[in-house]
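Visitor: I need the structure of the sequence given here:
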Amino acid sequence: MSTEHVKKTRRGLVVSNSMDKTVVILVERKVPHKLYRKYVRQKVKYMAHDASNQCQVGDRVLIEECRPLSRRKRWLVRSVLERAA
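Guide: Numbers count the residues shown, from 1 in each chain. Model prediction:
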């Protein structure tokens with residue numbers, strides 16, 4: 001068995017790029033309610049490192065976990081999946 005750590009990835013929407021080399025990504029997922037079994041949307045915002053400042057608000061991106069880069073930044077922008085219209 002391999003001891004190599006598989007990094008988590010998330011797909012989300014860029015909601016802010018006003019900081020230098022940092023973007024805020026909104027990740028939405030659907031989880032079933034424990035009692036009623038209805039699917040409920042959960043939203044989480046992640047701060048991600050964007051070294052080349054390439055992301056614009058509205059872009060769909062793929063982010064990957066990494067070592068802590070600052071107090072709240074633990075994610076790295078891997079690729080832009082879809083540009084904003």
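Visitor: how about the strands of this protein, start to end?
Guide: Counting by DSSP state E, one finds strands in the chain at the ranges 9-19, 22-32, 39-49, 60-65, 73-82.
Visitor: contacts for the first one?
Guide: Yep, that's strand 9-19 we're talking about. The contact list for strand 9-19 (C-beta atoms under 8 Å, 6 or more residues apart in numbering) reads 23-28, 45-46, 50, 53, 55-65, 75, 78, 81, 84. C-beta: built from backbone N, CA, C; applies to glycine.
Visitor: before we move on, what about the fourth one?
Guide: Contacts with strand 60-65, where a contact means C-beta under 8 Å, 6+ apart, come from 7-14, 23, 25, 46, 48, 55, 74-82.
Visitor: Give me the ChimeraX select line for these, limited to the buried ones.
Guide: The buried subset of the contacts of strand 60-65, as determined by 16 or more other C-beta atoms under 10 Å, is captured in ChimeraX by this line:
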select :10,12,13,14,23,25,46,48,55,74,75,76,77,78,80
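Visitor: Specify the beta-bridge partners of residue 49.
Guide: Here residue 49 shows beta-bridge partners residue 22, residue 76, assigned using DSSP bridges.
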